[in-house]
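Colleague: give me the fold of what follows.
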Amino acid sequence: MTGMVLLVCCGWTVLLCLSVQAYENIALHKPAWQSSTGLSGGIRLGAERAVDGLYKDLDGNGEECAVSHGGQTAEWRVDLGGARNIHHIVIHFETGKEVWDCPSPGYYGKNCSKECPQNCQDGYCYSVEGTCLDCKPGYIGPRCNQECPDGFYGKNCVKNCSLTCVVPGRCDRVTGRCLGGCQAGWTGDTCEKECLDRQYGYDCAGNCSLTCGDSGKCDKITGHCKGGCRTGWTGDMCDKECSAGVFGKDCAENCSMTCGDPGVCDKVTGHCNRSCLAGWEGDMCQNA
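Modeller: As a prediction, this is how the structure comes out:
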């Protein structure tokens, strides 16, 4: 959560107002304190006015700012209730006086004439030297002009590209998406997901053979069937029917030479496709 703070000065008087532009006001209505308190028309302009959410009238007598009394310096505090991340702070003088900081985010330098570096997070940079308050994902350095080194990506370049990218450790410096796809057996933008059952290969684009012994299950990288092949099929991926003359599990058995058409049988069952030779009988012509 982030907030924006406005400091307003009137002579030796310091006025502090809190403003929020597209960020949560984390100081709103929080306990506040200041080293001294000024008056306007007899009204105390205490520290709590800096966190009341009102900041349209920055005039010294506008009663919307906290005002200190006398001296060149003043101290103001707010209790945010714990450690918080403050994204942006803007400091102003009183309305009509010199501006301490650039009035519009995204600029820096003399007369606020220079644009902040393009890779600053949300376009914010320090108003004097132009160094970024934070960097967009994929960039590092004071001015966020350095891309993440090879193998790293994301905010502050602290995340490692996946080693399951098709080129291990090579990914988009902003998103971490693998360039060129995934290694065999993996899928997803960052190649963090293993192939589902019955899928294999690069980006899991291959389907395991339905003739695998354990129907449709195979090695997620190679596609080789697990548990061998269904009867009548052979090969690492069980994609080859038994050749003529053999049948059964892994095509390991020979068709009977006593089939009516010797050596020719059903590739799954081994049954002779025609009648048996004279003197033989049975499905496989095995009985004399």
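Colleague: can you pull out the strands in the stretch 101-250 of the chain?
Modeller: 107-108, 114-115, 139-140, 146-147, 152-153, 159-160, 186-187, 193-194, 199-200, 206-207, 233-234, 240-241, 246-247 (DSSP state E, counting those that start in this stretch).
Colleague: quick one, grab the pLDDT at Cys251.
Modeller: For Cys251, the model assigns a pLDDT of 90.
Colleague: now Ala83
Modeller: Taking Ala83 on its own, its pLDDT is 84.
Colleague: tally of neighbours for it?
Modeller: Ala83 is flanked by 5 other residues according to other CB atoms under 10 Å. (C-beta placed from N, C-alpha, C; glycine too.)
Colleague: spatially central residue in the chain, please.
Modeller: What sits nearest the mean C-alpha location of the chain, by CA atoms, centre = their mean, is Thr175, with 5.7 Å.
Colleague: what's the spacing between that one and Pro142?
Modeller: 24 Å (CB to CB, to the nearest Å).
Colleague: hmm, back to that, looking at it, the residue nearest to the centre of the chain is touching Lys159, isn't it?
Modeller: No: counting by CB atoms under 8 Å, Thr175 sits too far from Lys159 to count as a contact (10.1 Å).
Colleague: shared neighbours of the two, anything?
Modeller: Shared contacts of Thr175 and Lys159, defined by CB atoms under 8 Å, 6 or more residues apart in numbering, are found at Tyr153.
Colleague: hmm, back to that, list the contacts of the residue nearest to the centre of the chain.
Modeller: Thr175 neighbours (CB under 8 Å, 6+ apart): Pro137, Tyr153, Gly154, Asp189.
Colleague: and the pLDDT at it?
Modeller: Looking at Thr175, its pLDDT reads 96.
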